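Trainee: here is a sequence together with a model predicted from it:
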Amino acid sequence: MRAFKAHLQGLTPYPYQKVEAPVKLDQNESPFDLPEPLKEEALRRMARLPWNRYPEIHAEGLRRKLAALTGWPEEGVVLAPGSNLLILALSLAAEEVLDLSPSFPHYAHAARMAGTPYRAVPLGEGFALPLEELLQAFRGGVLFLPNPHAPTGTLYPEEALRALAQRAQEVGGLLLVDEAYREFAGTDFSPLGRENPHVAFLRTFSKAFALGGVRAGYLLAAPEVAQVVREVLPPFVLPAHTGTILEVVLENPGYVAEVAAYVRKERERVYGRLLAHPTWRPYPSHTNFLLVRTPDAEVAFRHLLAQGILVRRQDRYPGLEGCLRVTIGLKEEMDAFLRAAFEVAYA
Ligand SMILES: *Cc1c(COP(=O)(O)O)cnc(C)c1O
């Protein structure tokens, strides 16, 4: 085959494999669907849409709504069907991608697809942010920094982000803070970018907004950064039906705090219970999942699956030997998980 660029040969697929199980704790989704009245309102509005017409070219109406909600300038807001697509757009545009290792795998994958030079700095002891190494390595390009971090669940301190933001400005690069899990940490780092055009923020509707199936995310950036990202994406990229659903949830966002409050409480309960496990070790988390170190990820994964509980293996990442990632689900699902987890200890 000579149709494609040489760097796209020998691709490794994105590390996700669909497995059916009654208790699904593998994708960091909300355990609750969108509240029924919102779903019904979205459906009513969708029925009134002219389906033959293209949506707005850059989702202008929603950008205005998001600008009003976040206090971010409208020209700096970019909407897309999934923040993964914004990561791809940023990777395409980037002179270089700088990453952590391990981190959210789509950063490396997108850089590879884009054929963009890529480097990753290993996490420090106890998943600490390797600040000195990052400051040294950051010489331009785009630094992807999830905070809270995935897949460890760690929350990096604001002072560290402040230092990286300053470095971004010095070298003319872009610090991209991926806030996919911010609602579970109760954080908002966007003030760091209000004065500094070299810092941008990525947010998603897939987690606390309970819209994983809808596919939507947005970028808050300086207008000149947002313009590049908008131009890299195809025009009319946000489907009209997706836009309608977002319009409804942005007018009624109250449920998001409830999802987040439930998840935080349940996460701490499960974490506390796992501390008593004889061989498994949970890591503190500021997200909607727990990273758990087990003596053997394969054995633990198979045992849980045999009990109908699907989690995600993370043991192929450097420093995460034996690790599983467990999404916080419904109470009864977490009880089933805990029961199975303690059984394996004595198996
Ligand atoms: C889940 C997640 C996203 C969300 O991606 P979408 O394409 O918006 O679903 C982005 N970044 C990180 C770190 C995530 O874990």
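Mentor: Yep, it's here.

Trainee: pretty sure Gly141 is touching Ala94, no?
Mentor: Yes: counting by Cβ atoms under 8 Å, Gly141 touches Ala94, with 5.1 Å between them. C-beta: built from backbone N, CA, C; applies to glycine.

Trainee: residues from this structure in reach of the ligand?
Mentor: Within the chain, the positions lying close to the ligand (Cβ under 6 Å from any ligand atom) are 28, 82-84, 104, 146, 150, 178, 180, 204, 206-207, 217.

Trainee: any chance of these in CSV with neighbour count as columns?
Mentor: Below are the residues of the chain next to the ligand laid out as CSV (neighbours: other Cβ atoms under 10 Å):
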residue, neighbour count
Asn28, 21
Gly82, 18
Ser83, 25
Asn84, 20
Phe104, 21
Pro146, 23
Ala150, 22
Asp178, 26
Ala180, 22
Thr204, 22
Ser206, 22
Lys207, 26
Gly217, 23
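
Trainee: which of those fall in helices?
Mentor: Judged by DSSP state H, the subset of the residues of the chain next to the ligand located in helices is 83-84.

Trainee: show me where the stretch 201-347 of the chain has strands.
Mentor: 217-220, 281-282, 289-293, 309-310, 312-313, 323-327 (DSSP state E, counting those that start in this stretch).

Trainee: which one of those lies nearest to Leu211?
Mentor: Among the strands of the stretch 201-347 of the chain, strand 217-220 comes nearest to Leu211, with 9.8 Å by Cβ to Cβ.

Trainee: give me the nearest residue to Leu310, chain neighbours excluded.
Mentor: Closest residue to Leu310 apart from its sequence neighbours, by Cβ to Cβ, 6 or more residues apart in numbering: Ala21 at 3.6 Å.

Trainee: for the one you found, which residues are in contact?
Mentor: 305, 308-310 (Cβ atoms under 8 Å, 6 or more residues apart in numbering).

Trainee: dihedrals phi and psi, Glu132?
Mentor: phi -60, psi -50 (degrees, to the nearest 10).

Trainee: what's the neighbour count on it?
Mentor: Close neighbours of Glu132, defined as other Cβ atoms under 10 Å, add up to 11.

Trainee: with Gly10 instead?
Mentor: By the criterion of other Cβ under 10 Å, Gly10 has 6 neighbours.

Trainee: could you check how far Gly213 is from Leu49?
Mentor: Gly213 is 19 Å from Leu49, where distance means Cβ to Cβ, to the nearest Å.

Trainee: more crowded one of these two?
Mentor: Leu49 (13 against 10).

Trainee: ok, the residue lying closest to Leu69 once chain neighbours are set aside to the ligand distance?
Mentor: Leaving out its chain neighbours, the residue that sits closest to Leu69 by Cβ to Cβ, 6+ apart is Leu250, at 6.3 Å. Relative to the ligand, Leu250 is positioned 16 Å away (Cβ to the nearest ligand atom, to the nearest Å).

Trainee: ok, Leu250 touching Leu66?
Mentor: Yes: the criterion here is Cβ under 8 Å, and Leu250 meets it with Leu66 at 7.0 Å.

Trainee: neighbour count: these two, which is higher?
Mentor: Set Leu250 next to Leu66 and count neighbours by other Cβ under 10 Å: Leu66 wins out with 21 against 15.

Trainee: touching, that one and Glu75? I think so.
Mentor: No: Leu66 is beyond contact range of Glu75, at 11.9 Å (criterion: Cβ under 8 Å).
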